[in-house]
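Trainee: the sequence and its predicted three-dimensional model are supplied below.
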Amino acid sequence: MSDRIERDEKPEAASRYEFAKSTRRTFLSRLGMASLLASAAPIARAFEEHSEKAQVTSTDLKDAIPVSLRVNGKKYDLRIDPRTTLLDCLREHLHLTGSKKGCDHGQCGACTVHINGRRVNSCLCFAAMQEGNEITTIEGIGQPENLHAMQAAFVATDAYQCGYCTSGQIMSGVALLKEPCGSEDADVKEFMSGNICRCGAYQNIVAAIQSVRKNRDENFRS
Amino acid sequence: MKIFALNRTTDPAQAVATASKAKTAQQGAEIRFIGGGTTLIDLMKLNVEQPRTLIDINRLPLDKIEALPDGGLTIGAVARNSDLAFHPLVRKNYAVLSEAILSGASAQLRNMATTAGNLLQRTRCMYFRDTAMPCNKREPGSGCAAITGVNRSLAILGTSEHCIATNPSDMNVAMAALEATIHVRGPKGERSIPIGDFHMLPGNTPHRETVLEPGDLITHVTLPPPAPGNRSLYLKLRDRASYEFALASAAVVITAANGKISRARIALGGVGTKPWRSTDAENELNDQPATEAVFRNAAEAALRGAKPQSQNGFKVELAKRCLVHALKLATQSA
């Protein structure tokens, strides 16, 4: 990505993916290309030409504007098209692909991130409007070796099936515990209504959030 | 989405000056203010709105929620819906407003959406949102696909032969019952608009939704002091228990003592082309006993002019029962 300058000295999250020889995404796309090449060379050529054009468009920065973002404690100086949503910026420019694109219209909650500690739909924000804000994504609240309590609770209560909505559910769950939400299951359901799960893991999602709340309240008392 | 220039000003005067160059402040405006973006970005993705310039107003000093010396409340244009709904003064003095806001959208959207943006919230009529379909609001003169189409969720009050789109906001309904005033800074100076005069009926010009002109920036909204001893609430009926627009809703602000109503303010949502204040219903309630028969009279008065479409006739009775039930709840002995 030629449009990104990272100020941080230690290459982490985004840069790790950028320079890695093979991530899950690049591996899958290469696999797809390889099978195309093997089975249908003309289609593969067309595909290649199309991708080259797409590549040109994405690096054609005549409309790009400079934007500084703080994401998960790191600062990024970018040049991006002003139409870029925060979600697309996170996923396509910073390669923080934990935040998911579901409906892209603020209806499903899969893209939920925190801006200054409050949960929002990142698909309905322009990235260029987020200068000066502290953005936190699922990658920023915990990592596989050091899970956030909410992430651990989702694992413990089996609060997902396909997993696509899960990062949004977890980001909402973490934010909910700081909001004036009542303690009953019904209160949690109401406050979580902006996160849709097509697999229907709702019962276990509520259980996960309630277990984190219970532990927190018990620790607070003791 | 069409490309746009992003203006990130911190100066209200500059925001007004820039926006005043637009030809219109209504549908299709080429210059738009953007607050939370929850409506505008959604419509830009659908190509329903195609502004060439966006003025980011989130850096303007318009986010305060404060008590006024007269006991009322002033609410900044970019105060977030969640901050407004949870504000201690709103919960204490204007319960109907808090309840209305919390009954709408999701926690994420309420964290983003602003007071001014909610006032300007656009209809959810699916023909307005679909550029492949005719819509007089989106494209004047193209016709109304809803009147002969899917209109179950659309309006029964304030409609015209050109448009039956519902105003989808819950907040606006509470604001109407609370007799809010909208304060605007425009190229010619500042002015105040009672909420009843702010939204326009569709008539022959459904693309004109408010009285705002190019450069008009909503700066804040004020609420009068709460009527002494009043009880207020918002009752919303919808297809799902949460995260759904109203089929019918009622905002009621009632002062009653010894079983008699001395002052009533009534507004309906989900049924009108604008937030539907009903002074007819209020007149049926003022100085009357708080009985179901009186509530029913008020509901009949509120819906007297209703014009149901092919699929939304149920809304007439639903809205009546919604209002009757809201009045019962608001006048129950505490």
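Mentor: Sure, I can see it.
Trainee: domains in chain A, as residue ranges please.
Mentor: A:1-141, A:149-216 (automatic domain parsing).
Trainee: now name the helix or strand holding B:Gln311.
Mentor: Taking DSSP states H and E as the definition, B:Gln311 sits outside all helices and strands.
Trainee: check what pLDDT the residue sitting furthest away from the middle of chain B gets.
Mentor: Counting by CA atoms, centre = their mean, the extreme residue of chain B relative to its mean C-alpha position is B:Asn258, 33.0 Å from that point. On the pLDDT scale, B:Asn258 is placed at 92.
Trainee: out of the domains of chain A, deepest packed?
Mentor: Most buried of the domains of chain A by mean neighbour count (mean count of other CB atoms under 10 Å in any protein chain shown) is domain A:149-216; its value is a mean of 19. (C-beta placed from N, C-alpha, C; glycine too.)
Trainee: centre of the chain to that domain, how far?
Mentor: 17 Å (CA atoms, centre = their mean, to the nearest Å).
Trainee: anything in that domain near chain B?
Mentor: Yes. Applying CB under 8 Å from any CB of the partner chain, one finds domain A:149-216 touching chain B at A:172, A:175-176, A:179-180, A:189-195.
Trainee: quick check: end-to-end length of that domain?
Mentor: 10 Å (CA to CA, to the nearest Å).
Trainee: same check on stretch A:144-160?
Mentor: Using CA to CA, the two ends of stretch A:144-160 sit 17 Å apart.
Trainee: got it, and stretch B:207-227?
Mentor: 36 Å.
Trainee: mind jotting down where the strands sit in chain A?
Mentor: A:4-6, A:65-71, A:74-80, A:112-115, A:118-121, A:134-136 (DSSP state E).
Trainee: and the residue of chain A that's closest to chain B?
Mentor: For chain A and chain B, the shortest gap (CB to the nearest CB) falls at A:Gly194, measuring 2.4 Å.
Trainee: residue contacts, that residue?
Mentor: A:109, A:112, A:121, A:172, B:105-109, B:243 (CB atoms under 8 Å, 6 or more residues apart in numbering or on different chains).
Trainee: let's go with 10 Å and repeat that
Mentor: A:106-109, A:112, A:119, A:121, A:168, A:172, B:105-111, B:242-243 (CB atoms under 10 Å, 6 or more residues apart in numbering or on different chains).
Trainee: gap between the closest residue to it other than its chain neighbours and B:Ser242?
Mentor: Residue nearest to A:Gly194 in three dimensions, not counting chain neighbours: B:Ser106, with 2.4 Å by CB to CB, 6 or more residues apart in numbering or on different chains. Note on B:Ser106: its distance to B:Ser242, by CB to CB, to the nearest Å, is 8 Å.
Trainee: please enumerate the shared neighbours of these two.
Mentor: Counting by CB under 10 Å, 6+ apart, the residues touching both B:Ser106 and B:Ser242 are A:190-194.
Trainee: tell me, how many residues neighbour B:Pro289?
Mentor: Using other CB atoms under 10 Å in any protein chain shown, B:Pro289 has 13 neighbouring residues.
Trainee: now it: how far from B:Gly229?
Mentor: Counting by CB to CB, the gap from B:Pro289 to B:Gly229 is 17 Å.
Trainee: can I get the residues of domain A:149-216 next to chain B in CSV with pLDDT?
Mentor: Formatted as CSV, the residues of domain A:149-216 next to chain B follow (pLDDT from 0 to 100):
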residue, pLDDT
A:Ser172, 98
A:Ala175, 98
A:Leu176, 98
A:Glu179, 97
A:Pro180, 96
A:Lys189, 98
A:Glu190, 98
A:Phe191, 98
A:Met192, 98
A:Ser193, 98
A:Gly194, 98
A:Asn195, 98
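Trainee: now, the most widely separated pair of those?
Mentor: A:Pro180 and A:Asn195 (18.2 Å; CB to CB).
Trainee: show me where chain A has its helices.
Mentor: A:13-19, A:24-39, A:41-59, A:86-88, A:138-141, A:149-156, A:166-176, A:185-191, A:202-221 (DSSP state H).
Trainee: pLDDT of the first one, averaged?
Mentor: Rounded to a whole number, the mean pLDDT of helix A:13-19 is 40.
Trainee: how about the nearest residue to B:Ala100, chain neighbours excluded?
Mentor: Counting by CB to CB, 6+ apart, the residue nearest B:Ala100 is B:Ala174, at 3.7 Å.
Trainee: pLDDT score for that neighbour?
Mentor: 98.
Trainee: which residue is nearest the centroid of the chain?
Mentor: Assuming you mean chain A. Central residue of chain A (CA atoms, centre = their mean): A:Ser99, at 1.4 Å.
Trainee: number of residues surrounding B:Lys328?
Mentor: 15.
Trainee: before we move on, which element is it in?
Mentor: helix B:314-331.
Trainee: list the buried residues of that helix.
Mentor: Residues of helix B:314-331 classed as buried: B:315-316, B:318-327, B:330-331 (neighbour count, 16 or more other CB atoms under 10 Å in any protein chain shown).
Trainee: which elements pack onto that helix?
Mentor: helix B:95-102, strand B:230-237, strand B:248-257, strand B:260-269, helix B:279-285, helix B:292-302 (3 or more CB pairs under 10 Å, 6 or more residues apart in numbering or on different chains; DSSP states H and E).
Trainee: dump those to CSV, plus mean neighbour count and distance to B:Val211.
Mentor: Listed next are these as CSV, based on neighbours: other CB atoms under 10 Å in any protein chain shown; distance: least, CB to CB, whole Å:
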stretch, mean neighbour count, distance to B:Val211
helix B:95-102, 25, 22
strand B:230-237, 22, 25
strand B:248-257, 25, 22
strand B:260-269, 25, 19
helix B:279-285, 20, 20
helix B:292-302, 19, 24
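Trainee: possible to save the ones you listed as JSON lines with distance to A:Arg216?
Mentor: Formatted as JSON lines, these follow (distance: least, CB to CB, whole Å):
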{"stretch": "helix B:95-102", "distance to A:Arg216": "23"}
{"stretch": "strand B:230-237", "distance to A:Arg216": "32"}
{"stretch": "strand B:248-257", "distance to A:Arg216": "35"}
{"stretch": "strand B:260-269", "distance to A:Arg216": "37"}
{"stretch": "helix B:279-285", "distance to A:Arg216": "47"}
{"stretch": "helix B:292-302", "distance to A:Arg216": "45"}
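Trainee: confirm that B:Ile182 sits in a helix.
Mentor: No. Under DSSP: H, G, I helix; E, B strand; the rest coil, B:Ile182 falls outside any helix and is assigned strand.
Trainee: count of neighbours near it?
Mentor: Neighbours of B:Ile182 (other CB under 10 Å): 26.
Trainee: and the pLDDT at it?
Mentor: So B:Ile182 comes in at 98 (pLDDT).
Trainee: beta partners of it?
Mentor: B:Ile193, B:Val221 (DSSP bridges).
Trainee: is it in contact with B:Glu190, as I believe?
Mentor: No. Using CB atoms under 10 Å as the test, B:Ile182 is too far from B:Glu190 to be in contact (11.4 Å).
Trainee: any shared contact partners between those two?
Mentor: Contacts common to B:Ile182 and B:Glu190, judged by CB under 10 Å, 6+ apart, are B:Thr219.
Trainee: if we can go back for a sec, per-residue confidence for the residue nearest to A:Gly194?
Mentor: 98.
Trainee: and what of the one 4 residues further on?
Mentor: The confidence metric pLDDT takes the value 98 at B:Arg110.
Trainee: name the SS class of it, please.
Mentor: Assignment for B:Arg110 (three-state DSSP): helix.
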